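K.L.:
predicted model and sequence below, questions to follow.
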Amino acid sequence: MAFPKINHLSQFSPIQASPVYLCTMNPTVPSLFLDIQQVSKRYATKTAVDNLSLQIPQGIIFGLLGPNGAGKTSLIRMITGITGPDEGQIIFQGKPFQESDQQFIGYMPEERGLYKKMKIGEQLHYLLQLKGMSGKEAEVAADYWLSRMEISTWKNRKVEELSKGMQQKIQFIATIAHNPRLIILDEPFSGLDPLNSKLVEEVIHELKDKGATILFSTHRMEQVEQLCDEIALINKGKVVLEGNVKEIRKRHRKSIYNIQLEEESHLPELSGMEVIARNGEEYQVKLSDNLDSRTFIREMNESCRIQKIELHLPSLSDIFIEVVSNQAAK
Amino acid sequence: MKKIQLIIIREYLIRVKSKTFLLSTLLTPLAVVAIAAVAILASTWKEDEQFEIHLQDKTGVFTPILEGKKGELTFSTQLPKGTSLTTWLQEDKNRGYLIIDSSFILADQPRAEIQSSGNIPISLKSTLEDTLTKVIRKIRLTESGITQEQMKRITQEVKLKTLKVTEEGTERSSTGIAAMLGYVMGILIYIFMFSYGMIVMRGVIEEKTNRIVEVIISSVRPFQLMIGKILAIAAVGLTQFLIWIILLVGISAIAMPMISGDIQATQNVQGELQNMQGMQGMQEMQDNLPTEDQNQMAEEITAGIRQFDFSLIFYFIFYFLGGYLLYGSLFAAVGSAVDQESDAQQLVWPITIPLIIPMMLLGTILQQPDGSVAVFCSIFPFFSPVCMMVRLASIQVPWYEIVASMVSLIVTFLIVIWLAGRIYRTGIFMYGKKPSIKEVIRWVFS
């Protein structure tokens, strides 16, 4: 799904964002769901978040990327209301964030935490009630999600008896079971086996289809490409890259081509073409500015037998490394 | 409010349902009883060991009185046949050879001598001195022509009866018991403030190391979590008191009739004994059973129990809660600043020092419960929970001092809870480096 990118609140119109608008359950909620406006957070020794602005529309999976210490956790803590920004403000569902908004947010921090001595059922009951559910609602929600996540049989066991992966599932339930409109997941797949990863991924899509917005923080780029509709790359407290994943990849393509030749065919020498990698008949070449792609393909067609030729799109991981190391060089 | 309530319920139930709670609730009274029993036993313990004394009485006056006396001391004038004095003494350390010279009765400074192969215990020495003094006093008085009746009047010991003046009039006082009660209550408050404060600290550290704190703080404010925990643990403490009071009332309902019956019986027996001894003249003098003392002690205990002021329970709960809220929130602040209990040491000392000072002043306060040190300490909020409790139990404290003490305690714990909350909300997200006291103080103003 592609979304019109909204940079300023004034540009916003519900019609523009219709795809999202249609699948929300509450039509009065504007689709510019979370608007982070020039937010800063400073600690004694460093500035963790530096005049950062970010807009997140409703109903998408938004990836928050960045190297360690980039300010992701500080940003997330401000979004969840755990800490307040030193400057700037956060507009949540059209209004400045307030304490009561915490019940619309589910947050799974990177460092997982549960009460070890408490039974799973009681624990979920407690955590969900703290999010504003009634005792009865919490009970029903906990039961539903325990069975959805295939761990009903563990309801009366203590957390300390569980494996790490299972604890992770409990933590996930505690994050989502109160039907939050914004779900913040920090590395949700770490420690999960492939089967459980798939289960969590399915649930994330389900929640998105129900209209929830998911903010997903991770280092695992392949998951970002797979899951996220939009991303923002944060470094040193600032957004250095943001937008739709496919667009970002296109934007960062270089004139690099992957070529596979037929057997016993040879790659011609062309001025402006440089081979950067080779594996048997597979080549990766880079074109300089004086060789445009049409000329290159025509030349190639004439001088060798090509099995496959494609424009190489950089992976997010490559872009990540490139952007971050460029910044470091500055 | 609903969130604080949820937190209190969880924190309360998780502790009350734990085995530790059950054990400590049941074992603490047992431990107190055991310690008291040991103390009483130790103070009343009579060396079972017999001390045999071979008497060489050159005056001839002492032998009839001492010979055949039963108790820890036995006297004899004959050595077993075929034994020399030296061998007899060396066979057993608990044997002595007492020589009373013929000049003893008339001497200005009567001296006797005792020989033994071991050390003569001090208690034995003073018992012997006492016995000999009494006998010689009696002989000298008789020689001066003083009658039995006069003698009784002369040697009569003075008894001081202590009375307490209250608004309701004069009543039988129980100074000793009251002081003891004050001492016990002061120590109990100290122990509770300390141990429940530590429980708060441990709870905070546990949530921090578990990393659950971030999850909870995304639902409630840090201050709500902190205050919820502190209040829940206070409720745990009160529950424990309630159980103890019920146990105490239950036990004393069963035990009281037995104790007072006992006292009655002892008094009767002692009365009869005294009559008999009166007829035996000399015998009365050497018998140093402190019958009067015991009577008075028994009366004091019953008086103490009878006039136990139930407002003390109210004060106890007030000062426990006030002191606990004060110190408990400080312990919470320390807990929030560290990752593990072993790191807490260097931050805990500023709290433990004001906790311990009143304990060191307990003696002074008990001796002079109206002195300026006592008055100051019972109003100064960091000391008042212990010190005021001691004073309240032992004397009549002026109402304005009580009000001043309570108000200053309430105001202080409100301020301290606020300060602790400021430290707490920063501390719970600090991992790794142990902060210094300076840094912690900086968090208050951040």
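P.N.:
Structure's in. What do you need?
K.L.:
what's the pLDDT at the residue in chain A that chain B sits nearest to?
P.N.:
Closest to chain B within chain A is residue A:113: 3.2 Å, counting by C-beta to the nearest C-beta. Where C-beta positions appear, they are placed from N, C-alpha and C, glycine not excepted. If you check residue A:113, the pLDDT there is 87.
K.L.:
swap in the one 4 residues further on?
P.N.:
According to the per-residue confidence, residue A:117 scores 88 in pLDDT.
K.L.:
check the secondary structure at whichever residue of the stretch 251-400 of chain B sits closest to chain A for me.
P.N.:
Closest contact between the stretch 251-400 of chain B and chain A, by C-beta to the nearest C-beta, is at residue B:339 (12.1 Å). Secondary structure state of residue B:339, per DSSP: H, G, I helix; E, B strand; the rest coil, is coil.
K.L.:
show me where the chain has its strands.
P.N.:
Defaulting to chain A. According to DSSP state E, chain A carries its strands in the segments A:32-42, A:47-57, A:61-65, A:87-92, A:95-96, A:105-108, A:182-186, A:213-217, A:230-235, A:238-244, A:256-261, A:273-279, A:282-287, A:306-311.
K.L.:
to clarify, I was referring to chain B.
P.N.:
With DSSP E, the ranges of strands along chain B come out as B:51-57, B:73-76, B:95-100, B:112-116, B:163-166, B:169-172.
K.L.:
just say which of those is most tucked in.
P.N.:
strand B:95-100 (a mean of 20; mean count of other C-beta atoms under 10 Å in any protein chain shown).
K.L.:
so the residue of chain A closest to chain B touches residue B:213, yeah?
P.N.:
Yes - using C-beta atoms under 8 Å, residue A:113 is in contact with residue B:213, at 6.8 Å.
K.L.:
sorry, back to before: what's the neighbour count on the residue of the stretch 251-400 of chain B closest to chain A?
P.N.:
15 (other C-beta atoms under 10 Å in any protein chain shown).
K.L.:
near chain A, which residues of chain B?
P.N.:
Residues of chain B lying close to chain A (C-beta under 8 Å from any C-beta of the partner chain) are B:3, B:6-7, B:10, B:14, B:207, B:210-221, B:429, B:442.
K.L.:
quick one on the thing from earlier: make a markdown table out of the strands of chain A and add mean pLDDT.
P.N.:
Below are those laid out as a markdown table (pLDDT from 0 to 100):
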| stretch | mean pLDDT |
| --- | --- |
| strand A:32-42 | 89 |
| strand A:47-57 | 91 |
| strand A:61-65 | 92 |
| strand A:87-92 | 92 |
| strand A:95-96 | 90 |
| strand A:105-108 | 94 |
| strand A:182-186 | 94 |
| strand A:213-217 | 93 |
| strand A:230-235 | 90 |
| strand A:238-244 | 89 |
| strand A:256-261 | 87 |
| strand A:273-279 | 86 |
| strand A:282-287 | 87 |
| strand A:306-311 | 87 |
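K.L.:
reformat the ones you listed as a markdown table; add mean neighbour count and distance to residue A:320.
P.N.:
Below are those laid out as a markdown table (neighbours: other C-beta atoms under 10 Å in any protein chain shown; distance: least, C-beta to C-beta, whole Å):
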| stretch | mean neighbour count | distance to residue A:320 |
| --- | --- | --- |
| strand A:32-42 | 20 | 21 |
| strand A:47-57 | 20 | 17 |
| strand A:61-65 | 25 | 6 |
| strand A:87-92 | 17 | 25 |
| strand A:95-96 | 10 | 32 |
| strand A:105-108 | 25 | 22 |
| strand A:182-186 | 23 | 17 |
| strand A:213-217 | 24 | 13 |
| strand A:230-235 | 23 | 6 |
| strand A:238-244 | 18 | 8 |
| strand A:256-261 | 18 | 17 |
| strand A:273-279 | 12 | 19 |
| strand A:282-287 | 17 | 19 |
| strand A:306-311 | 13 | 20 |
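K.L.:
out of those strands, flag the one nearest residue B:374.
P.N.:
Evaluated over the strands of chain A, closeness to residue B:374 peaks at strand A:32-42, with 50.2 Å, by C-beta to C-beta.
K.L.:
who's more crowded, residue A:113 and residue B:213?
P.N.:
When neighbours are counted by other C-beta under 10 Å, residue A:113 and residue B:213 differ, and residue B:213 comes out ahead with 24 against 21.
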